[in-house]
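**Q** structural data only, the sequence is not supplied:
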């Protein structure tokens, strides 16, 4: 089944017998070539993939795409700096930054070197290592439900054990790897909409519907009404 992005009117992901998940040992980490594509193509493909390492596996359920020089919401919009240098590097690396000096967030660099695009990991499901993820999260605040462990970009980063020092980490050769989707599970139905938390024109839902999520997944972040509502038509 195709995993191409759709709006919230997307249909069912399919039915069948209860799937038997394929463990991480049965799946080869994704190569650099997987990430070397336009960010708007990469973003929906990351949904259902798993960020694995440091005792935790995170099934990615929500991302946002940031498109460099053409995107006023991107850190690379005004060009290269010491802060955003990783975005300009080769694909398949982690770009890590502090949001408002508080929360650490992680992005996967996309496209060819110098293009400066990336996918913010906004949310996911901890499918392995929940106790360790909860321990990491408890040091930063109360976590009442498993689905909250990585519900939001700051939470996901903490749960995975990623820190500011991981900026530039190679996801194709380092301690964290990205695993392909579990082939035993249905292909995700992808919904799109406006990115969250932006206060400029970059939040325009018509021009920049660049938030991608697995439709109906309980770990997705943001207001429930936003996740239920169909986005406006894309011009």
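**A** Arrived safely, thanks for sending. If you're wondering where the values come from, they're calculated on a predicted model, not measured in any experiment.
**Q** so what's residue 104 bridging to?
**A** For residue 104, the beta-bridge partners under DSSP bridges are residue 98.
**Q** pretty sure it sits against residue 161.
**A** No: here residue 104 does not reach residue 161: they are 11.0 Å apart, not a contact under C-beta atoms under 8 Å. Glycine gets a C-beta too; all of them are placed from N, C-alpha and C.
**Q** check which helix or strand residue 126 maps to.
**A** strand 117-128 (DSSP states H and E).
**Q** contacts for the next helix or strand along the chain from that strand, please.
**A** The helix or strand immediately downstream of strand 117-128 is helix 130-138, counting by DSSP H and E. Contacts of helix 130-138 with the rest of the structure, by C-beta atoms under 8 Å, 6 or more residues apart in numbering, involve 55-56, 126, 143, 146, 149-150, 155, 158-161.
**Q** cool, and stretch 149-158?
**A** Identification of contacts with stretch 149-158 by C-beta under 8 Å, 6+ apart yields 58, 96, 99, 102-106, 120-126, 130, 133-134, 136-137, 140, 143, 148, 159-160, 219-221.
**Q** list only buried entries from the residues you listed.
**A** 58, 96, 104-106, 120-126, 130, 133, 136-137, 143, 148, 159-160, 219-221 (16 or more other C-beta atoms under 10 Å).
**Q** where do the helices sit along the chain?
**A** 32-35, 39-46, 130-138, 153-159, 224-228 (DSSP state H).
**Q** ok, and what's touching the shortest one?
**A** Meaning helix 32-35. Residues outside helix 32-35 that contact it (C-beta under 8 Å, 6+ apart) are 42, 45, 90-92, 108-110, 171-172, 178.
**Q** now do the buried residues in it.
**A** For helix 32-35, using 16+ other C-beta under 10 Å, the buried residues are 34-35.
**Q** mind picking out the helix or strand in this structure with the poorest mean pLDDT?
**A** None of the helices or strands of the chain scores lower by mean pLDDT, DSSP states H and E than helix 224-228, at a mean of 68.
**Q** which one (most neighbours) among the contacts of helix 32-35?
**A** residue 110 (29 neighbours; other C-beta atoms under 10 Å).
**Q** quick one, what contacts it?
**A** Contacts here follow C-beta under 8 Å, 6+ apart; on that basis residue 110 touches 35-39, 42, 65, 91, 117-119.
**Q** and for it, nearest residue in space, chain neighbours not counted?
**A** Nearest residue to residue 110, sequence neighbours excluded (C-beta to C-beta, 6 or more residues apart in numbering): residue 39, at 4.0 Å.
**Q** isn't the one you found up against residue 66?
**A** Yes: counting by C-beta under 8 Å, residue 39 does reach residue 66; the two are 7.0 Å apart.
**Q** any common contacting residues for those two?
**A** Taking C-beta under 8 Å, 6+ apart as the contact rule, residue 39 and residue 66 both touch 117-119.
**Q** so which of these comes closest to residue 82?
**A** Closest to residue 82 out of these is residue 118 (16.7 Å), distances taken as C-beta to C-beta.
**Q** tell me what the closest one is bridged to.
**A** Beta bridges link residue 118 to residue 66, residue 109 when assigned by DSSP bridges.
**Q** over to residue 123?
**A** Beta-bridge partners of residue 123, as defined by DSSP bridges: residue 62, residue 151.
**Q** right, I'll leave it there.
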